[in-house]
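Novice: what's the 3D shape of this:
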Amino acid sequence: MDNSLTSELKAFDDTKAGVKGLVDAGITKIPPFFHQPPDTSPVDNAKNFSFPIIDLQTLDKDLIRRKQVVDQVRTASESWGFFQVINHGISVNVLEEMKDGIRRFYEQDIELKKDFYTRDYTKKVVYNSNFDLYTAKAANWRDTIFFLMAPHPPKPEELPEVCRDILKEYCKKVTKLGNLLLELLSEALGLNPNHLKYMDCAEGLAVLCHYYPACPQPELTIGTSKHTDNDFFTVLLQDHIGGLQVLHQNHWVDVPPTPGALVVNIGDLLQLISNDKFISVEHRVVGNHIGPRISVACFFSTSVLPK
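Specialist: Below you'll find the model as predicted:
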């Protein structure tokens, strides 16, 4: 990395204002270090694929229905590595308040946010823009706050006051959903429902809350570069703007922002322990002129690191 680029990155980092700070400053052209090389995989503009949606209602009361859901989970995990769940037990009010709480964090006075800005990843609460800012080929158009919530959560006073209560409530509810998903995934592998749970596949919980401001030149950059997740599985709450795409049959397929739904995807560790039966697939978040976009990703793992 040449000295001039390092200086640009450091100047951006030192503002502690992130990408949102650039937008607030009224920029019309994005800095060159955000420019991404083009992706050659086609986008499924023709909508030839139907993204899997699984209804979790009445699972505990209807064994036939549970078997149907397990079959759906198996099919989606084998062919897509992704699916959405509805009637998952987390109310729309909680989902909306979680998104609102994260929005409040990012849109509060910058002096309040700066207290959380750091690149010390030994901390349980980390706010910054691009965890790999100084090593990636190009920066992503997003800011992130990271919370390591299990097995040893931060002290309440370590969490931002504007989203503290809803974060704790949401994590409690998403952990319950995570345990149910572990049962379904275990059964989909032909195992005892508690098999993955007893392997401590949900012992660790990291929550990454992304903020994607509107981008003046979205064709030049991306919200999140293509990647797979280094965990067992992820539960994602995305807002109505969308932007998440999954690489399916060599096409980028939009994940529809279904009201009240949560997105589940298989991680690298689950692909590994399932002997490649379940697949961890590349996904990305595209930029757009609309914003800001909020997403909340909960990573379930025995060892959790920021992504």
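Novice: what does stretch 224-233 rub up against?
Specialist: 36, 39, 136, 138, 140, 142, 178, 181, 185, 196, 201-202, 206, 210, 247, 264-270, 280-285, 299-302, 304-305, 307 (Cβ atoms under 8 Å, 6 or more residues apart in numbering). Where C-beta positions appear, they are placed from N, C-alpha and C, glycine not excepted.
Novice: how about that stretch as PDB, C-alpha atoms only?
Specialist: C-alpha atoms of stretch 224-233 as PDB (Å, rounded to 0.1, in the frame of the first residue of the first chain):
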ATOM      1  CA  THR A 224     -20.600  -5.500   1.400                       C
ATOM      2  CA  SER A 225     -18.100  -7.400  -0.800                       C
ATOM      3  CA  LYS A 226     -18.900 -11.000  -1.700                       C
ATOM      4  CA  HIS A 227     -18.000 -13.400   1.100                       C
ATOM      5  CA  THR A 228     -19.100 -16.500   3.000                       C
ATOM      6  CA  ASP A 229     -19.700 -16.500   6.800                       C
ATOM      7  CA  ASN A 230     -17.200 -18.200   9.100                       C
ATOM      8  CA  ASP A 231     -19.700 -19.500  11.500                       C
ATOM      9  CA  PHE A 232     -22.400 -22.200  11.900                       C
ATOM     10  CA  PHE A 233     -25.300 -20.100  10.700                       C
END
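Novice: From the chain's centroid, how far away is that stretch?
Specialist: On the basis of Cα atoms, centre = their mean, to the nearest Å, stretch 224-233 sits 8 Å off its chain's mean C-alpha point.
Novice: same question, stretch 3-22
Specialist: Using Cα atoms, centre = their mean, the offset of stretch 3-22 from its chain centre is 24 Å.
Novice: Now the terminal residues of that stretch, how far apart.
Specialist: Stretch 3-22 has an end-to-end distance of 22 Å (criterion: Cα to Cα, to the nearest Å).
Novice: returning to what we had before: out of the contacts of stretch 224-233, list just those in helices.
Specialist: G178, L181, L185, L196, D268, L269, L270 (DSSP state H).
Novice: Show me what the host helix or strand of V253 is in contact with.
Specialist: Using DSSP states H and E, V253 falls within strand 251-254. Residues from elsewhere that reach strand 251-254 (Cβ under 8 Å, 6+ apart): 39, 41-44, 48-49, 51, 242, 244-247, 284.
Novice: CA-only coordinates of that strand, as PDB, when you get a sec.
Specialist: Below are the C-alpha coordinates for strand 251-254, written out as PDB (Å, rounded to 0.1, in the frame of the first residue of the first chain):
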ATOM      1  CA  HIS A 251     -26.300 -15.700 -10.800                       C
ATOM      2  CA  TRP A 252     -26.700 -12.900  -8.200                       C
ATOM      3  CA  VAL A 253     -30.200 -13.400  -6.900                       C
ATOM      4  CA  ASP A 254     -32.000 -10.700  -4.800                       C
END
